[in-house]
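Enquirer: Okay, here's the prediction I keep looking at, along with the sequence it came from:
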Amino acid sequence: MGEPVKHLFITGGVVSSLGKGITAASVALLLKQRGYKVFLQKLDPYLNVDPGTMSPYQHGEVYVTDDGAEADLDLGHYERFAGVTCTRQSNYTTGRIYSTVIRRERRGGYLGGTVQVVPHITDEIKKAILLCADTGADIVITEIGGTAGDIESSPFLEALRQLRVELGQENAVFVHLTLLPYLNASGELKTKPAQQSAGIMRSIGIIPDVFICRTEVAMEEEHFKKLSLFCSVPRAAVIEEKDVKNSIYEVPIELAKQGLDSLILRKFGLPENQLDLSQWNMMVARAINPDCGKVKIAVVGKYMALRDAYKSIFEALSHGAIDQRLDLKVKCIEAEDLQNRDPVELLGEVDGILVPGGFGYRGLDGKIEAVKYARENDIPFLGICLGLQCATIDTAKNLAGLFGANSLEFDPETPHPVISLMDEQKKVVNKGGTMRLGAYPCILEKESKAAAAYGATDISERHRHRFEFNNDYREILEKAGLRLTGLSPDGNLVEVVERPDCCWFVAVQFHPEFKSRPLKPHPLFSAFINAAFQGKQK
Ligand code: GLN
């Protein structure tokens, strides 16, 4: 028998939003670059079965996997940092665990028994974790959402405690991410909250093996010593994770400097191997020193107050800028502002305009205004999902003379439903997990901006939508200058539209942002950023 699969559990203390996802993803990158196959998983202690039904304002962006899961945005960090491909197995919520148990109970699966949180829910959680071994990974990293001490996360932590007993210390290692607050008034960095979160973990029966401390300022030796003594870990297992200056992609480099990856491998009793971060270091150096100029991109959406709502979009734009060695400024524009202000005021000095995906009527007219502005002023434009639908409505209303054209999503009575509900969606009743989700192929026309960007005509991209380009309007919209340059292989679904009368105007029904990685920038984002920069030079 080979080595048993090793499990790394990452918990959080003191507050949420510590960057657990980025830390988990960074650790995964380091272990991968030491030659291990890594799989990542996030456990979320809320009752929604998945985040798909939540507003981005509640939860940030809904990430989509190839296999069609609507998932936590941390999976995006996992894919971007560690270059792994996440699946449905990568994200479980309390709701998903409970619904499996309750369905089994109704079928009579526990006939005669009382179904309880311990052992039935905890067993189901353990199963969800252990199933990851089937991916062939050497090391499975499981991040637990929430904060130690939350009522909601206690079944998850109990399951982890049990797993460590069952798998053995050397196969189940705990990393606890915690916060050292800095008190400006006294100029002090405090360790007490971190000690207390270690205490909470101990009271659950878990003594973490490694402490990672999030901090704004550098830790002193006394802080390391205190935490070591009071949290029952060796000094070397206290790691500082200070805010990075320029790019989140610096985090793994900083963690590696302190030997976090070697420490974890030693705990697992695995050979340390050589760490190869050469490509990553090169990418970070490029990200920090863009030497080819500046570019300014406007993102026009409706959840602009929360950057996490468009996480993958911002990341993909930054990858495009890294690829082109450009210094990127993103201007976030509330779509509604374009409805009552002069567009020149808001879009006057941007080099490119992006309209991302979205749901619901609010801000729609502002997004269409942004498309029109890009088209009329020949500013490079990238439309994504709802962005394609807005581009279609713009051509319909403003160029094809289809007065009142709209999407059926926003106006069920429109005389010209240029965007209509997909056939397969008409019978859908439940809202959760029922959109057209995940990876589907698309064939691009050879002579198109999209094919030029991809350097290919057969592509596969991830989707998340219910509505589509209405084929009844193909001819009239094509006459109005909209080229349909990407279709599903059966020719039925419009996946990409372009306007050849503009220098670079591409809109896609899918979400390219989910597949962009810093080491492999998405071709559409690179081409868009490049077009924006070229346009500016002119
Ligand atoms: N609301 C639109 C649809 O369901 C667009 C979805 C999106 O942008 N992700 O088709």
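Expert: Yes, it's here.
Enquirer: Grab the most central residue of this structure for me.
Expert: Among the residues of the chain, the smallest C-alpha distance to the mean C-alpha position (Cα atoms, centre = their mean) belongs to Gly76, namely 3.0 Å.
Enquirer: Checking the residue located most distally from the centre of the chain next. Helix, strand or coil?
Expert: Within the chain, Gly112 marks the point farthest from the mean C-alpha position, 43.0 Å out by Cα atoms, centre = their mean. Secondary structure state of Gly112, per DSSP: H, G, I helix; E, B strand; the rest coil, is coil.
Enquirer: and it, what are its phi and psi?
Expert: Dihedral angles of Gly112 (phi, psi; degrees, to the nearest 10) stand at phi 90, psi -20.
Enquirer: Quick check: the residue of the stretch 201-350 of the chain nearest the ligand.
Expert: Checking the stretch 201-350 of the chain residue by residue against the ligand with Cβ to the nearest ligand atom singles out Gly301 as nearest, at 10.0 Å. For glycine as for every other residue, the C-beta is placed from the backbone atoms N, C-alpha and C.
Enquirer: Just checking, which helix or strand of the protein averages the lowest pLDDT?
Expert: Confidence across the helices and strands of the chain bottoms out at helix 56-59, with a mean of 86, counting by mean pLDDT, DSSP states H and E.
Enquirer: Does that helix reach the ligand?
Expert: No: with Cβ under 6 Å from any ligand atom as the measure, helix 56-59 is seen stopping short of the ligand, the closest distance being 10.7 Å.
Enquirer: what does stretch 403-414 give?
Expert: Yes: counting by Cβ under 6 Å from any ligand atom, contacts between stretch 403-414 and the ligand involve Glu409.
Enquirer: That stretch: which residues count as buried?
Expert: By neighbour count with 16 or more other Cβ atoms under 10 Å, stretch 403-414 contains the buried residues Ala405, Asn406, Ser407, Leu408, Glu409, Phe410, Asp411, Thr414.
Enquirer: What pLDDT is listed against the third one?
Expert: With respect to pLDDT, Ser407 has a value of 97.
Enquirer: Verify the stated contact: it with Gln389.
Expert: Yes: Ser407 sits in contact with Gln389 when judged by Cβ atoms under 8 Å, with a separation of 5.4 Å.
Enquirer: which other residues reach stretch 179-195?
Expert: 13-15, 18, 178, 211, 213-217, 219-220, 223, 226-227, 230-231 (Cβ atoms under 8 Å, 6 or more residues apart in numbering).
Enquirer: returning to that earlier point: for the residue nearest to the centre of the chain, list the residues it contacts.
Expert: By Cβ under 8 Å, 6+ apart, Gly76 lies in contact with Glu61, Tyr63, Lys311, Ser312, Glu315, Phe514.
Enquirer: And Lys367, by the same measure?
Expert: The contact partners of Lys367, by Cβ under 8 Å, 6+ apart, come to Val300, Gly301, Lys302, Ala335, Leu338, Val355, Gly358, Leu386, Gly387, Cys390.
Enquirer: The same query, at a cut-off of 7 Å, please.
Expert: Contacts for Lys367 were tallied using Cβ atoms under 7 Å, 6 or more residues apart in numbering; they are Val300, Ala335, Val355, Cys390.
Enquirer: do you know how far the residue nearest to the third one when sequence neighbours are not counted is from Lys311?
Expert: By the measure of Cβ to Cβ, 6 or more residues apart in numbering, the closest residue to Val355 outside its immediate chain neighbours is Gly387, 3.6 Å from it. With distances defined as Cβ to Cβ, to the nearest Å, the gap from Gly387 to Lys311 amounts to 16 Å.
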